[in-house]
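*Asks:* Next comes the sequence, and after it the predicted model I'd like to discuss.
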Amino acid sequence: MGQGDDLVTAVSQIHAAALDAAKWPDALSSFTQLMGGHGASLEFIERPSLQHRAMYSYGLPAVGPYLQQYAPMCPRIPYAARSPAGAVQHDAQYIDDQAMDASPFFMEFLAQYDMRYFIGGIVANSAQELVLTGVQISPKAGHPSPAKIKLMGLLLPHFQQAAEVMRRLGKLANAQHSLERALDWLADGVIMLGADGAVRYANAAAQEIARSREGIAIRRGMIEFLSGDATAKFGTALNAIARLRAADVTATRSSDFTVERASGGAPYSVSLRPLLAKMDGAETAVVLMFIHDPFVRDAKALELLHEAFGLTPAEAEVADALRSGFSPDDYARKRKISPNTVYTHLRRIKEKCNCSRMAELIRKLNDVRIAAVAKCEY
Amino acid sequence: MGLGDDVLTAISSIHAAGLDVEKWPRALSVIADLVGGVGGTLEIIQRPSMRHRALYSHGLAPVDAYLEYYASVSPRLPYAFRQPAGSLLYDAQYIDDAGIDAHPFFMEFLAPHDLRCFLGGVIAGSSHEFAATCIQYSPKAGHPSRDRIKLMRLLLPHFQQATDVMARVGKLSMARHSLKWALDQLVDGVIMLGADGTVRHANAAAGQIARAGDGIAIRRGALAFVSGKATSKFDAALGAIARLRGADISAAASTDFVVERTSGAAPYTVSLRPLVGSTDGRETAAILMFIHDPLVGNDVAVELLRQAFGLTHAEAELAQALRSGSSPDDYARQRKVSANTIYTHLRRIKEKTGCNRMAELIRRLNDIQVAVVAKREC
């Protein structure tokens, strides 16, 4: 079982590397030993640009120069791009030794590292991506033998499975990342809790609220409220959700309450939503917590009032104050300007919005609202 | 190399099943053949409930009887539960033939199906989950030989890798599901677009807006606006994203504009924000689009107003109408109730919120809100 053992070991290492990319050099090392070469690589090449997205290697001395200078002139890549996934590749398929001696890729690049031939295969080949693996072989070792070509045929399906695992996990991780970034743009805080109440995710707005410690905090992965009333309501809601488990999924109930601030300012509004999901047999409960902070106002709201109604910056400020509940006189006092100026602005605003009555104007101004924050660091 | 070939095929079949659970019966069939058994199972058991979360099998008729009754009397499970992950399992470890002949699990359950000994391994063992694979033998085959035990030792790490892939895919899928559901709770529409402008995901609110076809539509996976101005704003943001890949695109791609409706009703407010991420070395540029529809009411708001100020339902409904711009007389007319009743409600609202003046009241009411819908089917 001598070679069989080595082969099974190499295959195990390939599958292990699919779950931990740091293990690719180990897997490629075993691959190199099996094939009797100098070193090996696994290359992810974007299509149609044929540019490298990622490359894992073992034992290859000049990966930098290869990626920067020689990959574009490597005749193996265009040949590979025309071959289907699962095809075993070696130089004799598309080039003879005479042509190799005339190719700068072989003579200027490979020759200086005592490399010439290769044996490898197409791991994946789609409209978006070409994935290749191969072992570099010295001139002395010559073209790969039929036994080596057969061995490559045995290994290649495992590279394919490993690449598929990487692709699948990468795609899901990407989707999760995009959705989390989308929630980061919301003005309201969003926190996702496990059934045990542990915080699994908090968007940018929720993290900001927690950092301000004005009434809601996250300590050791758990939500804490300053007010005993909010703590009690939160506890009751979580208990109700825990009891929901295994019961009728459509019976999901939400719970909404306000949370007082330490500063005595306008309270946060909180809404809790349970989600029960069955994922391959296991039931998982998740609780979503939405938090509205009335102090978060958007600078871009003024720009939008200009955009929507053609208001000047001064008019937009008056309009924004009116819709948030200020009277024209309040606003004049706060801004230390004459009420006459404010009433002139108000007349222009009414003209531009085509509203004669105040209530109608407020409604119209309130209709124009930005759902996302202006700037978000992530 | 004959032995290696068979083992490689078995290993491939295990990893294929890790990516597609429907392939477990096939994998178990290949492995049963390899180690000379008649059938096999992969069992995943939840702890501490000891309930089977999943059971995949090949060649074993009495799976139901096993799950319903015999799993609880099987002497194999209590023994297996005590072994760490990666341990091999076979009957000779904990029972002798005389013991087997006296045990109802073997005599009442296995014997009628022409089964007796087994060979398996512990795939995972934690405080909340246990997973094992078992290959069943006919009485004629006797106990598994040393060579067969050695083969199982070779295969077991692959079972572990494959179930690890299943667990990771399951966890990521669950996270994606929960995040999508979070977006579905929002009152505002959220659409995720690729750099090429194709719609990758639309939340429930955005789906409703697009279906309404009142100025914004999704046609063949792309967004379509009725208004030419909206179209050019959108195209400009898309152009900025494409031109400035990787650079600071935040400012260039952030824009807010109003979109007129075909029906002439209050316009949508659309906000575009960049979404730049890279998770697996591949940079994915995309755009987030938020849509605010002023015609969509916020039912949660009424409940929050009741909670925050102790309003009755009728008072909360009036408060909600006031802050969205209705006058008390408007509201009385619309609801066909006497103006006196409405003014009585208003007086109570002012008392309960501690506001004397209307503008102050509106501001106070506006502080209390959450941008989530009251109920949405998941």
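*Replies:* Yep, that arrived.

*Asks:* Provide a complete list of residue ranges assigned to strands in the stretch 251-378 of chain B.
*Replies:* B:255-259, B:268-278, B:283-292 (DSSP state E, counting those that start in this stretch).

*Asks:* Redo those as CSV? Include distance to chain A and mean neighbour count.
*Replies:* C-beta: built from backbone N, CA, C; applies to glycine. Formatted as CSV, the strands of the stretch 251-378 of chain B follow (distance: least, Cβ to the nearest Cβ, whole Å; neighbours: other Cβ atoms under 10 Å in any protein chain shown):
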stretch, distance to chain A, mean neighbour count
strand B:255-259, 4, 22
strand B:268-278, 5, 22
strand B:283-292, 4, 21
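
*Asks:* Sort out which residues of the helix or strand containing residue A:175 are buried, please.
*Replies:* Per DSSP states H and E: residue A:175 is located in helix A:146-184. Buried residues in helix A:146-184, counted by 16 or more other Cβ atoms under 10 Å in any protein chain shown: A:148-149, A:151-152, A:154-169, A:172-184.

*Asks:* picking up where we left off before, save the strands of the stretch 251-378 of chain B as CSV, and put in mean pLDDT too.
*Replies:* Formatted as CSV, the strands of the stretch 251-378 of chain B follow (pLDDT from 0 to 100):
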stretch, mean pLDDT
strand B:255-259, 84
strand B:268-278, 78
strand B:283-292, 78
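
*Asks:* what about the ones you listed, which gets the closest to residue A:6?
*Replies:* Residue A:6 lies closest to strand B:268-278 among the strands of the stretch 251-378 of chain B, at 36.8 Å (Cβ to Cβ).

*Asks:* can you give me how far that closest one is from the chain middle?
*Replies:* Computed by Cα atoms, centre = their mean, to the nearest Å, the separation of strand B:268-278 from the middle of its chain amounts to 23 Å.

*Asks:* Of the buried residues of helix A:146-184, which are in range of chain B?
*Replies:* Of the residues in the buried residues of helix A:146-184, proximity to chain B by Cβ under 8 Å from any Cβ of the partner chain holds for A:154, A:157-158, A:161, A:164-166, A:168-169, A:172-183.

*Asks:* Three-state assignment for the nearest residue to residue B:88 once chain neighbours are set aside, please.
*Replies:* Excluding its sequence neighbours, the residue lying closest to residue B:88 (Cβ to Cβ, 6 or more residues apart in numbering or on different chains) is residue B:121, at 5.1 Å. Put simply, residue B:121 is strand when judged by DSSP: H, G, I helix; E, B strand; the rest coil.

*Asks:* hang on, isn't residue B:121 packed against residue B:149?
*Replies:* No. Using Cβ atoms under 8 Å, residue B:121 is not in contact with residue B:149; the gap is 9.7 Å.

*Asks:* and the residue lying farthest from the centre of chain A, what are its phi and psi?
*Replies:* Centroid-distance maximum for chain A: residue A:340 at 52.6 Å, with Cα atoms, centre = their mean. With angles defined as degrees, to the nearest 10, residue A:340 sits at phi -60, psi -40.

*Asks:* What of residue B:137?
*Replies:* According to degrees, to the nearest 10, residue B:137 has phi -110, psi 150.
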